[in-house]
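*Asks:* Sequence plus the predicted model coming up.
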Number of protein chains: 2
Amino acid sequence: MTSSDKPENASDTAAAEPPSVAARDWATASADPQYRAAVVDLLGALAYGELAAFERLAEDAKLAPTLEDKAELAKMASAEFHHFERLRDRLAEIGEEPTRAMEPFVAAYDGFHKQTAPSDWLEGLVKAYVGDSIASDFYREVAARLDSDSRGLVLAVLDDTGHGGFAVEKVRAAIEADPRVGGRLALWARRLMGEALSQSQRVVADRDALSTMLVGGVADGFDLAEVGKMFSRITEAHTKRMAALGLAA
Amino acid sequence: MTSSDKPENASDTAAAEPPSVAARDWATASADPQYRAAVVDLLGALAYGELAAFERLAEDAKLAPTLEDKAELAKMASAEFHHFERLRDRLAEIGEEPTRAMEPFVAAYDGFHKQTAPSDWLEGLVKAYVGDSIASDFYREVAARLDSDSRGLVLAVLDDTGHGGFAVEKVRAAIEADPRVGGRLALWARRLMGEALSQSQRVVADRDALSTMLVGGVADGFDLAEVGKMFSRITEAHTKRMAALGLAA
């Protein structure tokens, strides 16, 4: 990553074209105000997402049937809080007011969580797992489109996710014990994905610079079809995970 | 601390008496089954206290008027979770099942939190501050009575508390803006302390080995007057803090 301010793919790039964003560092890339706005949006969206996830996981920890289970969900919540801290600190570091960067995304996340309050422990686990997985997929999609410094941060946060294994184990055991549970949780997972997509689409429609960057930095407006493809990839990965979990999606 | 397995006050100790617990390490001190039971109780009580505090602070974060305030309370919650991890890991390290060690204290903490659910943001802040401070006082009281290894852990957890400064600042500002708030919060702080004492007394009555250790390790049963004195010291410190905060206690 330290050498990524030198374009690695110089031979692929036509002489007239500037090196891709991925080959630049933040100092260089952020000279483009549209790119800068997009990254500030992205960090703001991720930061509030982590803070909201902290709050919800902590809340869901109350549904835990045992102290060990409670501690596991609390651990996931605490990990989300530390992601939030890194993202917020990065916003401050690049001279942005973290709260102002987060505010445009509060309604979407709060809307999502309001619509998807788990009614029991298993629903909470499925939500934690689905949320963690979608976040990972999204971080991975977006990392490739970022300057080397922003990419480093996103990958570092991504590296520290994957607490979902605990949830998988518990959900599998519950379905084995009572297969009817699988049907109910499959519906629940579908609802989670539906809400996530509907809130994301609101954000995409509202935040031009961010959406443009997400689909590859086309400077002359964003391509709705490309956004759609990204959503499809994330949805497909979700469907495969649900099937592996024993939930027909 | 590293030299504390050698008795430092050897000249004060009569030749017939064994060195005080504070001068021993865990391996030596835990050979006494009553001492061992007391420390397991203590670690279990502290661990569940931290986990319950995590849960409550995370819950109270929802009352925050701004995103910064929410993040501050989430930070306190996350710090409590890390204390929980250290205490739980220590229990495992000494061969105890953490859940079994915590269980005797669940009812007292849950009772406390159930009786003291804050009805607004300021009550939540006062509770966070009072809780943090009482925990510090108690950790300090108890550290002196522990073997060097257990003391090291308790002091390390103690070192990392003191996130209450944020709460103090906010509560002071609110009282300045509207002095009537002070009267209401003073009543609230008194109720918090009353509930904390009443739950603690239940624990003291139930857990002989722990109570005996807390009052100085009198081997032939615990001295209720000494427990009373410890509670008095903690209450007095609380009263002084409340006065400093502008709350007549």
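*Replies:* Ah, there it is. Numbering: from 1, shown residues only, chains lettered A, B, ... in the order given.

*Asks:* Nearest the middle, which residue of chain A would you pick?
*Replies:* With distances taken as Cα atoms, centre = their mean, the residue of chain A nearest its centroid is A:A135 (2.8 Å).

*Asks:* how about the nearest residue to the residue in chain A positioned nearest to chain B, chain neighbours excluded?
*Replies:* Scanning chain A for proximity to chain B using Cβ to the nearest Cβ identifies A:A58 as nearest, at 3.1 Å. C-betas here are computed from N, CA, C, even on glycine. Closest residue in space to A:A58, ignoring its immediate chain neighbours: B:A58 at 3.1 Å, by Cβ to Cβ, 6 or more residues apart in numbering or on different chains.

*Asks:* That neighbour and A:M76, how far apart?
*Replies:* Taking Cβ to Cβ, to the nearest Å as the criterion, B:A58 is separated from A:M76 by 12 Å.

*Asks:* In terms of neighbours, single out the busier of these two.
*Replies:* A count of neighbours by other Cβ atoms under 10 Å in any protein chain shown puts B:A58 above the other of B:A58 and A:M76, at 28 against 24.

*Asks:* Contacts only, for that one.
*Replies:* For B:A58, the contact set (Cβ atoms under 8 Å, 6 or more residues apart in numbering or on different chains) comprises A:F54, A:E55, A:A58, A:E59, A:A61, A:A77, B:L73, B:A74, B:A77.

*Asks:* What of A:A174?
*Replies:* Each residue near A:A174 by Cβ under 8 Å, 6+ apart is listed here: A:L122, A:V181.

*Asks:* Quickly find the element holding it.
*Replies:* helix A:165-177 (DSSP states H and E).

*Asks:* Over to A:A79?
*Replies:* When elements are assigned from DSSP H and E, A:A79 belongs to helix A:67-93.

*Asks:* next one: that helix to chain centre, how far?
*Replies:* Between the mean C-alpha point of helix A:67-93 and the mean C-alpha point of its chain there is a distance of 14 Å (Cα atoms, centre = their mean, to the nearest Å).

*Asks:* Which positions within it qualify as buried?
*Replies:* A:67, A:69-88, A:90-91 (16 or more other Cβ atoms under 10 Å in any protein chain shown).

*Asks:* Of the residues you listed, which are in range of chain B?
*Replies:* Residues of the buried residues of helix A:67-93 in contact with chain B (Cβ under 8 Å from any Cβ of the partner chain): A:L67, A:K70, A:A71, A:A74, A:K75, A:A77, A:S78, A:F81, A:H82, A:F84, A:E85, A:R88.

*Asks:* The fourth one contacts B:E80, correct?
*Replies:* No - with contacts defined as Cβ atoms under 8 Å, A:A74 does not count as touching B:E80, sitting 9.1 Å away.

*Asks:* Overlap in contacts, these two.
*Replies:* Both A:A74 and B:E80 are contacted by B:L51, B:F54, under the criterion Cβ under 8 Å, 6+ apart.

*Asks:* Which of the residues in the worst-scoring helix or strand of chain A on mean pLDDT are classified as buried?
*Replies:* Using mean pLDDT, DSSP states H and E, helix A:208-214 stands out as the lowest-scoring helix or strand of chain A, at a mean of 80. Applying a neighbour-count criterion of 16+ other Cβ under 10 Å, one finds A:A209, A:L210, A:S211, A:T212, A:M213, A:L214 buried in helix A:208-214.

*Asks:* The fifth one against A:V39, yeah?
*Replies:* Yes - taking Cβ under 8 Å as the contact criterion, A:M213 and A:V39 are neighbours in contact, 7.4 Å apart.

*Asks:* Quick check: neighbours shared by the two?
*Replies:* Common neighbours of A:M213 and A:V39, counting by Cβ under 8 Å, 6+ apart, are absent.

*Asks:* would you list every one of the helices in chain A?
*Replies:* Using DSSP state H, the helices of chain A run over residues A:26-29, A:33-60, A:67-93, A:98-102, A:106-115, A:121-143, A:148-159, A:165-177, A:180-206, A:208-214, A:224-244.

*Asks:* need the residues of chain A near chain B, please.
*Replies:* Taking Cβ under 8 Å from any Cβ as the contact definition, chain A meets chain B at A:48, A:51, A:54-55, A:58-59, A:61-62, A:66-68, A:70-71, A:74-75, A:77-78, A:81-82, A:84-85, A:88, A:98-99, A:102-103, A:106.

*Asks:* Try it again at 10 Å.
*Replies:* Counting by Cβ under 10 Å from any Cβ of the partner chain, the positions of chain A adjacent to chain B are A:47-48, A:50-52, A:54-59, A:61-62, A:64, A:66-68, A:70-71, A:73-75, A:77-82, A:84-85, A:88, A:97-100, A:102-103, A:106.

*Asks:* low pLDDT regions in chain A?
*Replies:* Filtered on pLDDT under 70, chain A yields the residue ranges A:1-19, A:160-163, A:216-224, A:249.

*Asks:* again, only this time at 90
*Replies:* Judged by pLDDT under 90, chain A has its weakly predicted residues at A:1-23, A:34, A:62, A:128-145, A:156-169, A:179, A:190, A:194, A:196-235, A:237-249.

*Asks:* Determine the number of other residues adjacent to A:K114.
*Replies:* Each residue near A:K114 was counted by other Cβ under 10 Å, and the total is 9.

*Asks:* pretty sure it is touching A:E195, no?
*Replies:* Yes - under the criterion of Cβ atoms under 10 Å, A:K114 lies in contact with A:E195, with a separation of 9.4 Å.

*Asks:* quick one on the thing from earlier: deepest in the core, which of the helices of chain A is it.
*Replies:* Mean neighbour count, computed with mean count of other Cβ atoms under 10 Å in any protein chain shown, is highest for helix A:33-60 among the helices of chain A, reaching a mean of 23.

*Asks:* Contacts only, for A:R184.
*Replies:* By Cβ atoms under 10 Å, 6 or more residues apart in numbering or on different chains, the contact set of A:R184 is A:D120, A:L122, A:E123, A:V126, A:I175, A:D178, A:L247.
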